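J.: could you work out the structure for the sequence below:
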Amino acid sequence: MHLPSPTVLILASGRGERFAASGGTVHKLQALLAGKPVLQHTLDAVRASGLPWHVEDAGHPGMGDSIAAAVRHTADAAGWLVLPGDLPLVQPATLQALAQVLVQQQAVVAWPEFRGERGHPVAFGPQCRADLLALSGEKGAAPVVRQWAGQGRGLAVPVEDEGVVTDVDTLDALRHAEALLAARGR
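T.: Residues are numbered from 1 along each chain as shown. Down below sits the predicted model:
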């Protein structure tokens with residue numbers, strides 16, 4: 001029997017203020033990385049994962065508002081992988097691995113770790129629906145993760161994917177992502 005997959009929620013509502021402050025002249029998600037916008041790289045990885053997905057780009061005031069709106073839009077999903085749009089190097093296999101943790105019910109929440117550093121996307125089972133819908137403001141879903149992890153229902157998933165911790169928040173971060181992409185040979 002095939003179990004439904006969780007939906008990847010691509011958050012693309014942020015203002016990108018740190019990127020602009022670092023000298024960026026376009027929104028960080030539109031900045032070119034190897035000739036393609038940052039967001040396009042993220043979308044390409046999500047599409048390649050084969051998982052269902054939703055882009056939340058309505059310009060919400062904070063990350064909590066964006067997550068709640070995306071969950072409202074996909075309320076019947078079998079869970080969610082919350083992926084900021086500024087993680088252009090995340091690998092499709094990482095998305096699939098986190099989805100599998102939810103499908104196999106190994107945890108209610110899960111997050112990738114690259115060499116001991118927590119990254120994104122963070123995976124949430126359907127048990128988290130009400131908690132995610134209640135989010136608002138600048139804070140993301142960290143309180144939801146703490147709640148479930150505190151109950152022993154959270155799981156760190158070790159990955160060999162530097163993309164889970166490589167966000168493009170500044171021009172320096174964009175240059176770093178460019179170097180990593182070149183090292184991959186893409």
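J.: going forward, measure contacts between C-alpha atoms and count neighbours the same way
T.: Will do.
J.: buried ones in the helix or strand of the chain with the lowest mean pLDDT?
T.: Ranked by mean pLDDT, DSSP states H and E, the helix or strand of the chain with the weakest confidence is helix 17-21, at a mean of 89. By neighbour count, with 16 or more other C-alpha atoms under 10 Å as the criterion, the buried positions of helix 17-21 are 19-20.
J.: now residue 111: which helix or strand?
T.: Secondary structure from DSSP states H and E places residue 111 in strand 109-114.
J.: just the C-alphas of that strand, formatted as PDB.
T.: What follows is strand 109-114, C-alpha atoms only, in PDB (Å, rounded to 0.1, in the frame of the first residue of the first chain):
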ATOM      1  CA  VAL A 109       9.000  16.200  13.800                       C
ATOM      2  CA  ALA A 110      12.300  15.700  12.100                       C
ATOM      3  CA  TRP A 111      15.200  17.900  10.900                       C
ATOM      4  CA  PRO A 112      18.300  17.300   8.900                       C
ATOM      5  CA  GLU A 113      21.700  17.700  10.500                       C
ATOM      6  CA  PHE A 114      24.900  18.300   8.500                       C
END
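J.: quick revisit: list the contacts of the least confident helix or strand of the chain.
T.: With C-alpha atoms under 8 Å, 6 or more residues apart in numbering as the test, helix 17-21 has contacts from 26-28, 168-171.
J.: sheet partners, orientation included, of whichever helix or strand comes after it?
T.: Once the chain leaves helix 17-21, the next helix or strand it forms, by DSSP H and E, is strand 32-33. Sheet pairing for strand 32-33, assigned by DSSP bridges, gives strand 36-37 (antiparallel).
J.: now the strand it pairs with: mean pLDDT?
T.: Averaging pLDDT along strand 36-37 yields 96.
J.: could you do stretch 78-89 as well?
T.: Per-residue pLDDT values over stretch 78-89 give a mean of 97.
J.: circling back: dump the least confident helix or strand of the chain to PDB, restricted to CA.
T.: Extracted as PDB, the C-alpha positions of helix 17-21 are listed here (Å, rounded to 0.1, in the frame of the first residue of the first chain):
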ATOM      1  CA  GLU A  17      16.400  42.700   4.300                       C
ATOM      2  CA  ARG A  18      19.800  41.200   5.200                       C
ATOM      3  CA  PHE A  19      20.500  40.500   1.500                       C
ATOM      4  CA  ALA A  20      19.700  44.100   0.600                       C
ATOM      5  CA  ALA A  21      21.800  45.400   3.600                       C
END
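J.: for the most centrally placed residue in the chain, list each beta-bridge partner.
T.: Centre of the chain computed as the mean C-alpha position; nearest residue by C-alpha atoms, centre = their mean is residue 83, 1.2 Å away. In this entry, residue 83 is beta-bridged to residue 10, by DSSP bridges.
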